[in-house]
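Enquirer: Predicted structure and sequence below. I'll ask about it afterward.
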Amino acid sequence: MKKIALLAVVILAPSVAAQVLAQVDDAVLTWEDLLEQAGGIEALRYMGITSESDASQILESWVRERLVVAAAESAGLRGRPDVEKAVQAAVDQVLIEAYISDILQEVEVSRLEVENYLDIWSGSYGKEYNARHILLDSRVLAGSVLSRLSGGESFESLAVNFSSCPSSRQGGNLGWLRRGMTSATFMEAVCSLEPGQVSGIVETTAGFHIIQLLETRDLATPATQTQLVQLAGEELLATRQEKALMDILAGIRGGHSVTVYPQRLLERL
């Protein structure tokens, strides 16, 4: 029998229709709770619960969790600063994911849009691109670094000193890339360059990039037309979702007082 770790679900006043499967003091696990935690009836059936012993193991895992939670609360851990901080971080993450999910689920791409996209970019799906980049946190800093590049300074040196990407340790080198491996916006910028050429400032949700294409080569096994349509659709959707998210974030930021001190961070490192 496959096992799952059940999250504790507390319902202090279950509805009459809810069928209780396990209870620890005032906390109950209902059939509906179990379905939600498992991911639906088919997922539950896949776990191979065929005997009372199997069913008991599933329910006892929830009971153990509730007993530990009760013990932790009795020990006063709920009010401990480090626990409160961790709980708030978890709540924040759930809120972030839920908010972003609500935004992105409204974004769609039609088959015609995918075909039009391939009319422009189909050739780029048959190649690999060896590229490096410098990732910066602000457009102002990106502009300054781009000016220094234009003035003849080393791309590798500037990447080491200014890029916030882990690739900075390799002078910004990302190795060989192909369509679908990274942000579509980033890859469109890469594919638009000639070997040796440096891009302007490219904005993605990760920040502001300055990209240099080093070389290209043909893929050993080109994608089929079906694969091209699927990959292009995924990339086009991701691009549209990325733009929607950036627009939303820009609007949210405009309604708040925001100040950052990157120099203070650098002084600590």
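Expert: That came through fine. Note that the coordinates shown come from a computational prediction; the quantities given were computed from them, not determined experimentally.

Enquirer: what residue ranges in the stretch 51-200 of the chain score low on pLDDT?
Expert: Within the stretch 51-200 of the chain, no range satisfies pLDDT under 70.

Enquirer: what are the ranges of the helices in it?
Expert: 52-74, 81-104, 111-121, 139-150, 155-162, 184-191 (DSSP state H, counting those that start in this stretch).

Enquirer: contacts for the fifth one?
Expert: Just to be clear, that refers to helix 155-162. The contact list for helix 155-162 (CB atoms under 8 Å, 6 or more residues apart in numbering) reads 132-134, 136, 141, 145, 148-149, 167-169, 171-172, 198, 212. Quick note: C-beta positions are derived from backbone N, CA and C, even for glycine.

Enquirer: please redo it, this time with the cut-off set to 7 Å
Expert: Contacts to helix 155-162, defined as CB atoms under 7 Å, 6 or more residues apart in numbering, come from residues 132, 134, 136, 145, 148, 149, 168, 171, 172, 212.

Enquirer: Check which residues of that helix are buried.
Expert: Of all the residues in helix 155-162, those buried under the rule 16 or more other CB atoms under 10 Å are 155, 156, 158, 159, 162.

Enquirer: Tell me who's in contact with the residue found closest to the fourth one once you drop the neighbours it is linked to in the chain.
Expert: Same thing as residue 159. The shortest distance from residue 159 to any non-neighbouring residue, by CB to CB, 6 or more residues apart in numbering, is to residue 172 (3.2 Å). Contacts here follow CB under 7 Å, 6+ apart; on that basis residue 172 touches 132, 133, 134, 155, 156, 159, 163.

Enquirer: Widest-spaced pair of those residues?
Expert: 133 and 156 (11.6 Å; CB to CB).

Enquirer: neighbours around residue 222, how many?
Expert: Neighbour count of residue 222, defined by other CB atoms under 10 Å: 11.

Enquirer: list the contacts for it?
Expert: residue 126 are the contacts of residue 222 under CB under 7 Å, 6+ apart.

Enquirer: Helix, strand, or coil at it?
Expert: Put simply, residue 222 is coil when judged by DSSP: H, G, I helix; E, B strand; the rest coil.

Enquirer: Please determine how far it is located from residue 122.
Expert: 10 Å (CB to CB, to the nearest Å).

Enquirer: Likewise for residue 114?
Expert: Noted for residue 114: a distance of 11 Å to residue 122, by CB to CB.

Enquirer: And these two? Which one has more around it.
Expert: More crowded of residue 114 and residue 122, by other CB under 10 Å: residue 114, with 20 against 15.

Enquirer: what's the burial count for residue 94?
Expert: 10.

Enquirer: just residue 184 next, same as before
Expert: Close neighbours of residue 184, defined as other CB under 10 Å, add up to 23.

Enquirer: So it versus residue 242, what's the distance?
Expert: For residue 184, the distance to residue 242 equals 8 Å [CB to CB].

Enquirer: swap in residue 225?
Expert: The gap separating residue 225 from residue 242 is 26 Å, by CB to CB.

Enquirer: Show me which of those two is the more surrounded one.
Expert: Higher neighbour count among residue 225 and residue 242: residue 242, with 20 against 9, using other CB under 10 Å.

Enquirer: Now do the same contact list for the more buried one.
Expert: By CB under 7 Å, 6+ apart, the contact list for residue 242 reads 183, 185, 204, 205.

Enquirer: Now render the residues you listed as a markdown table, adding neighbour count and distance to residue 94.
Expert: Below are the contacts of residue 242 laid out as a markdown table (neighbours: other CB atoms under 10 Å; distance: CB to CB, whole Å):
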| residue | neighbour count | distance to residue 94 |
| --- | --- | --- |
| 183 | 18 | 25 |
| 185 | 20 | 27 |
| 204 | 18 | 25 |
| 205 | 12 | 20 |
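
Enquirer: Nice, that's everything, thank you.
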